[in-house]
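A.B. asks: here's a sequence, model it:
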Amino acid sequence: MITIKSETELEYMRKAGAILRDTLALVEENAKPGVTTRRLNAIAYDYIKKNKAIPSFLGYGGFPYTICASIDEQIVHGFPSARVLEEGMLLKIDIGVGLGGLHTDAARTIAIGEVSPEKKKLMDVCKECFFKGVSILKEGVRLGDLGSVIQRHAEDNGFSVVRELVGHGIGRTVHEDPNVPNYGIAGRGMRLEKNMTIAIEPMINIGTRKCYSLEDGWTVVTADGAPSAHYENTVVIKEDGVEILTL
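C.D. replies: Next comes the predicted model:
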């Protein structure tokens, strides 16, 4: 069921979004060669709890960590571990923060030290996909319009769009209706309504768009082992645009 948020609910989401924004910045600041992803998980957990919020992912569907930490060919949902970050890696960090029973969700792709030009272009285009997509959004725009803009920009730059994983509505739970694909046909799909809240999250790959899940039941990787990038924010649909809650 699609939910339209009240002003009170949006205010809680704004506060949660600000904490999430700052958590991501803190994690990015600490994401350096020689640091483990488990350490980044602890940094995020401590900061969220210090701000009297909750880590939305911790325990959600059985997920055992505060953050998703996915490296190179891992697209999303990677487990933080004792793995040490190395120069040239692409690290995707995905975090949820809840406050007052409302949730926000955002992700960033972080270059660890100097990365290859191809990886740099991938992460830049992924972020551009998000902003090109939200630039067309306002009340009444169709989901197919959003997906088609994201897909076109990724493919025009030689990258592929993951289709098994999509954005989503968000609010009282981390995942609400509707699904928000990063591909589609303009003019199709449901119309967005004022004060809907959705998480828009382009996931694009250097190689094939195909993917599969590892034996842990969570981590999703590219089928060909090529690097992937991920960029996400939670937004509110407005009459004449969007409000981004996690920037």
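
A.B. asks: and for the nearest residue to E87 once chain neighbours are set aside, the neighbour number?
C.D. replies: Spatially, and ignoring its direct neighbours in sequence, E87 is nearest to G113 (3.8 Å; CB to CB, 6 or more residues apart in numbering). Yep, even glycine has a C-beta here, placed from its N, CA and C like the rest. Using other CB atoms under 10 Å, G113 has 13 neighbouring residues.

A.B. asks: I'd guess G113 is in a helix, am I close?
C.D. replies: No - counting by DSSP: H, G, I helix; E, B strand; the rest coil, G113 is not part of a helix but coil.

A.B. asks: backbone dihedrals for it, both of them.
C.D. replies: phi 60, psi -140 (degrees, to the nearest 10).

A.B. asks: and the gap between it and A31?
C.D. replies: 10 Å (CB to CB, to the nearest Å).

A.B. asks: next, the buried residues of the helix ranked longest in the chain.
C.D. replies: The helix that spans the most residues within the chain, counting by DSSP state H, is helix 7-30. Residues of helix 7-30 classed as buried: 9-10, 12-21, 23-24, 26-28 (neighbour count, 16 or more other CB atoms under 10 Å).

A.B. asks: one more: stretch 153-166?
C.D. replies: Of the residues in stretch 153-166, those buried (16+ other CB under 10 Å) are H153, A154, F159, S160, V161, V162, L165, V166.

A.B. asks: so where does G158 fall, helix or strand?
C.D. replies: Assigned by DSSP states H and E, G158 belongs to no helix or strand.

A.B. asks: my bad, V242
C.D. replies: strand 241-244.

A.B. asks: name the helices or strands packed onto that strand?
C.D. replies: With contacts taken as 3 or more CB pairs under 8 Å, 6 or more residues apart in numbering; DSSP states H and E, strand 241-244 sits against strand 233-238.

A.B. asks: packing partners for the strand it packs on?
C.D. replies: helix 7-30, strand 102-111, helix 117-134, strand 197-200, strand 241-244.

A.B. asks: thinking again about what came up before, can you tell me which of the buried residues of stretch 153-166 are in strands?
C.D. replies: S160, V161 (DSSP state E).

A.B. asks: roughly how far does V221 sit from I112?
C.D. replies: Going from V221 to I112 by CB to CB gives 18 Å.

A.B. asks: residues in contact with the residue nearest to E87?
C.D. replies: K32, P33, E86, E87, G88 (CB atoms under 8 Å, 6 or more residues apart in numbering).

A.B. asks: which of the three states applies to K5?
C.D. replies: State at K5, reduced to three classes by three-state DSSP: coil.

A.B. asks: that one is in contact with V235, isn't it?
C.D. replies: No - using CB atoms under 8 Å, K5 is not in contact with V235; the gap is 11.6 Å.

A.B. asks: hey, what's in contact with both of these two?
C.D. replies: Contacts common to K5 and V235, judged by CB under 8 Å, 6+ apart, are T197.

A.B. asks: comparing those two, which residue is more hemmed in?
C.D. replies: V235 (28 against 20).

A.B. asks: test my guess that that one contacts L245.
C.D. replies: Yes - the pair V235 / L245 is scored as a contact, 6.6 Å apart, by CB under 8 Å.

A.B. asks: who touches both of the two?
C.D. replies: T197.

A.B. asks: how many neighbours does I4 have?
C.D. replies: Neighbour count for I4, taken as other CB under 10 Å: 12.

A.B. asks: pLDDT value on it, please?
C.D. replies: pLDDT, I4: 96.

A.B. asks: same thing with P80?
C.D. replies: 97.

A.B. asks: just S116 next, same as before
C.D. replies: 97.

A.B. asks: give the burial count for it, as a bare number.
C.D. replies: The number of residues packed near S116 is 13, by other CB under 10 Å.

A.B. asks: quick one: contacts for the closest residue to it other than its chain neighbours?
C.D. replies: The spatially closest residue to S116, leaving aside those adjacent along the chain, is G88, at 6.8 Å (CB to CB, 6+ apart). Shown in contact with G88 (CB under 8 Å, 6+ apart): I112, G113, E114, V115, S116, K119.

A.B. asks: okay then, goodbye and thanks.
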